[in-house]
Structure formats: C-alpha cells, structure tokens
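Got a sequence here, can you model it:
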Amino acid sequence: MRQQRGLQAGLTTNARDPGQVMALADAGLMQSFGVSAGKGEWTVLASHPRAVINLLLLRAGLPQITDWAVKALSQGAGCLLLLAYKGAHHGFSPTTDELSAAFSLLTHLGRRAGVAVAADDYSRRRLGLAETCGKGFLRVNLDGTRDSCCFPACEYR
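Model prediction:
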C-alpha cells in the first residue's frame, strides 16, 4: 500500500536495538533509516546500505562532529547528514559560522571518501541554501499527532 501511493517510510533510531532496525530495513519496510551518531550501538548500523548517519551539531561541537564523521566513514558509512540543534535551549544552537564550517568540513570528507553528504532542510535554510523547508515532510509523533514542521520552536514556522 505504501509503495502504491508513492510514500517512503523511514525511521530515526538511537540504535538501542540494531538487529531490529536491520531486520526492518532488510525486509524492505523502509526506504532508509537515520542513526544518531554517538547513541547506542550506532557503529553497528553505520555500514548498512540504507543507513544515514545523523550528525547533530551543537554549539562548539565541530570537534565532536569531526570525530563521529571519521568513525562513521571508517565503519563504511555511505551517507552523512548534518543536523543543527533545533530545540528549546537556544544556548545549544550552533552559530551560522559553526554550521557553515561543519558543512564545509563534511563535504570535503565526503568527497574524499566518495560518500553522500547532506544537511537537513532546517540547516540548509540557515545556510541560505534553501528558501523553504519541510516540503513533503510530515512528522508523526508517537502519540499520533502530526506536524509539518520538524520542531515546535522553529523560527521559520
């Protein structure tokens, strides 16, 4: 049914049960899955062909992002995704200069390793690489509520 309607299913995981995530992916039940670097057993999932390694940038977090990216690449990752912190604690949000430096660094590493590097819509919008975000995006929370924006306090809402 999902494929008949042209929908793509995905999952973001904290890698607490990598076996279950791989089973779902290998069964074709999701197009891709995001695995949060630094959480759970994330390196076990890094080389899976449907894995996207989520690299969350916090303020002053470029060294951490660099370490995670190098580790992911050494594990055979095929796709890195830069995400800027976007929560209620504004002191954790990276500056635009930090975000730009992280994206430049990851792009360089990705080219050298021959892997895809991307940034989420919010980060691309902050970098001036996109005018809108969330096109075709629908967040369904565990309680069943739906939202077309990636987080409640978004300044672009």
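
Spell out which strands sit alongside the one helix or strand in the chain whose mean pLDDT sits lowest in the sheet and which way each one runs.
Taking mean pLDDT, DSSP states H and E as the measure, the helix or strand of the chain with the lowest value is strand 139-140, at a mean of 76. Paired neighbours of strand 139-140 in the sheet (DSSP bridges): strand 146-147 (antiparallel).

Name the residues that touch the partner strand?
Here strand 146-147 makes contact (CB atoms under 8 Å, 6 or more residues apart in numbering) with 138-141. For every residue, glycine as well, the C-beta is placed using N, CA and C.

quick one: low-confidence parts of this structure?
Judged by pLDDT under 70, the chain has its weakly predicted residues at 1-7, 136, 157.

Spell out, range by range, the strands that occur in the chain.
Residue ranges of the strands in the chain, as given by DSSP state E, are 10-13, 32-36, 51-57, 79-84, 116-119, 139-140, 146-147.

Distance to residue 72 and mean neighbour count added to the ones you listed, as JSON lines?
As requested, the strands of the chain are arranged in JSON lines below (distance: least, CB to CB, whole Å; neighbours: other CB atoms under 10 Å):
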{"stretch": "strand 10-13", "distance to residue 72": "15", "mean neighbour count": "15"}
{"stretch": "strand 32-36", "distance to residue 72": "9", "mean neighbour count": "21"}
{"stretch": "strand 51-57", "distance to residue 72": "4", "mean neighbour count": "24"}
{"stretch": "strand 79-84", "distance to residue 72": "6", "mean neighbour count": "23"}
{"stretch": "strand 116-119", "distance to residue 72": "11", "mean neighbour count": "18"}
{"stretch": "strand 139-140", "distance to residue 72": "25", "mean neighbour count": "10"}
{"stretch": "strand 146-147", "distance to residue 72": "29", "mean neighbour count": "12"}
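
hang on, the earlier thing: wait, which of the contacts of strand 146-147 is closest to residue 155?
Minimum distance to residue 155 across the contacts of strand 146-147 is 17.0 Å, recorded for residue 139 (CB to CB).
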